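Q: Just the structure for this:
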Amino acid sequence: MQNLNIQNLILAGVHFGHELKKWNPKMKNFVYKQQDGIHIIDLNKTLVYAKRAMAFLEETCSKGGQVVFVGTKDQASSSVQEAAEKSNQFYVTKRWLGGTLTNFETLKISIDRMKKIQKIKERFEMDHYSKKEKSRIEKEYKKMEENLKGIKDMKDLPAALFIVDIQKEKIALGEAKKLGIPVVALVDTNCDPYLLEYPIPSNDDSFRSIQFFSNLASEACLKGWKTWQSDMHKEQHLEQKKTDKKQSSDEGPQVLNVSRGRRLVAAGTAEDMEIELELKKEEDEPKEK
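A: Numbering: from 1, shown residues only. Below you'll find the predicted structure:
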């Protein structure tokens, strides 16, 4: 995480909190000072908590776990989607549907429905429907695609969530807490940092701040994902070697006739030197008269 330093945090405007009247007293330990009517976040603590959070995301993905990036407000959606796609993770940037996690089986039914309509469209089968039916199906598909596009390939519950604003994404945070899914999130001075496992004290409204941490989370996930891919490849290679060895053992050693019909040498169980010695011995033996 080469870019994670105080200077870059300042350049991204991470230290700017909310107005004094909007602050949450539980953020007291993360506030450096008051300035011009707003709270200034302690970037030294941001640095510590951000490193801890990124290490968790990397470890999670290195074990094959996947993360859902969540950021539905305007200044977050584009950065969150780009970061998730870059690191092969899932995302929700339009609207968090209630029950996305807690009622996951029902959600999968909606995803299957969306994929079915997509196939109909790709095969030009919409031509068989009436104009009214086409309009209804198109509206249904558009709505589902907006909300489900980023999680349409999610077959199981995620291992973690990365949330931009826990005030905005209360439903997502609540579902994750109910299911025991760890959450990494940006927490501004109006938030309660103790609601989640991995808070990152930071400005959660600035586009630059959101983009900075989204990219950082993406980098951590991608690094972990590559580790997992590498480990999987090694594991598959070892399994293949075991399979090849077992098949070779099941077939048994090849037997070569090297002694005019009198003696057999198991080529699969003897070294080349032993075979040569045995052949030489055969030649040195006196021939029967």
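
Q: hey, let's count contacts and neighbours off CA atoms from now on
A: Fine.

Q: What residues does the spatially most central residue of the chain make contact with?
A: Centroid-nearest residue in the chain: Gln66, 3.1 Å away (criterion: C-alpha atoms, centre = their mean). Gln66 makes contact with Thr60, Gln89, Phe90, Pro158, Ala159, Ala160, according to C-alpha atoms under 8 Å, 6 or more residues apart in numbering.

Q: Run through who's touching the helix or strand Val68 falls within.
A: Using DSSP states H and E, Val68 maps to strand 67-70. Contact partners of strand 67-70, identified using C-alpha under 8 Å, 6+ apart, comprise 57, 61, 80-81, 84, 89-93, 158-164, 169, 221.

Q: State the mean pLDDT of that strand.
A: Across strand 67-70, pLDDT averages out at 98.

Q: That strand pairs with which strands?
A: strand 90-92 (parallel), strand 160-163 (parallel) (DSSP bridges).

Q: Report the distance from that strand to the chain centre.
A: Between the centre of strand 67-70 and the centre of its chain there are 9 Å (C-alpha atoms, centre = their mean, to the nearest Å).

Q: next structured bit after it?
A: helix 74-86.

Q: What are the buried residues along that following helix?
A: For helix 74-86, burial by neighbour count (16 or more other C-alpha atoms under 10 Å) applies to Gln75, Ala76, Ser77, Ser79, Val80, Gln81, Glu82, Ala83, Ala84.

Q: and which of these is nearest Lys26?
A: Ala76 (24.4 Å; C-alpha to C-alpha).

Q: Could I get the contacting residues of the closest one?
A: Neighbours of Ala76 in contact, by C-alpha under 8 Å, 6+ apart: Thr93, Val164, Phe207, Ile210, Gln211.

Q: if I look at Lys178, how far off is Ala84?
A: From Lys178 over to Ala84 the distance is 24 Å, taken as C-alpha to C-alpha, to the nearest Å.

Q: Equivalent analysis for Val14, please.
A: For Val14, the distance to Ala84 - C-alpha to C-alpha - is 21 Å.

Q: wait, Thr189 sits on Met27?
A: Yes. Taking contacts as C-alpha atoms under 8 Å, Thr189 lies within contact range of Met27: 5.8 Å.

Q: Those two: who's more crowded?
A: Remark: of Thr189 and Met27, Thr189 carries more neighbours, 28 against 18, as counted by other C-alpha atoms under 10 Å.

Q: Let me know the helix or strand that that one is in.
A: Per DSSP H and E, there is no helix or strand for Thr189.

Q: contacting residues around it?
A: Counting by C-alpha under 8 Å, 6+ apart, the residues that Thr189 touches are Gly17, His18, Lys22, Trp23, Asn24, Met27, Val31, His39, Ile41, Pro201, Ser202, Asn203.

Q: Out of the contacts of Ala76, flag the one nearest to Tyr141.
A: For the contacts of Ala76, the nearest to Tyr141 is Thr93 (16.9 Å; C-alpha to C-alpha).

Q: Pull the number of nearby residues for the closest one.
A: For Thr93, using other C-alpha under 10 Å, the count is 22.

Q: any idea how far Phe212 is from Val14?
A: With C-alpha to C-alpha as the criterion, Phe212 and Val14 are 9 Å apart.

Q: Tell me which residues touch the residue nearest to Arg208 when sequence neighbours are not counted, please.
A: Distances taken as C-alpha to C-alpha, 6 or more residues apart in numbering put Ala12 closest to Arg208, at 5.1 Å, once the chain neighbours are dropped. Ala12 makes contact with Arg208, Ser209, Phe212, according to C-alpha under 8 Å, 6+ apart.

Q: Neighbour count and distance to Lys108 added to the residues you listed, as CSV?
A: Output for these, formatted as CSV (neighbours: other C-alpha atoms under 10 Å; distance: C-alpha to C-alpha, whole Å):
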residue, neighbour count, distance to Lys108
Arg208, 19, 34
Ser209, 24, 33
Phe212, 22, 32
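
Q: Of those residues, which is the nearest to Lys115?
A: Distances from Lys115 to the contacts of Ala12, taken by C-alpha to C-alpha, are shortest for Phe212, at 33.2 Å.
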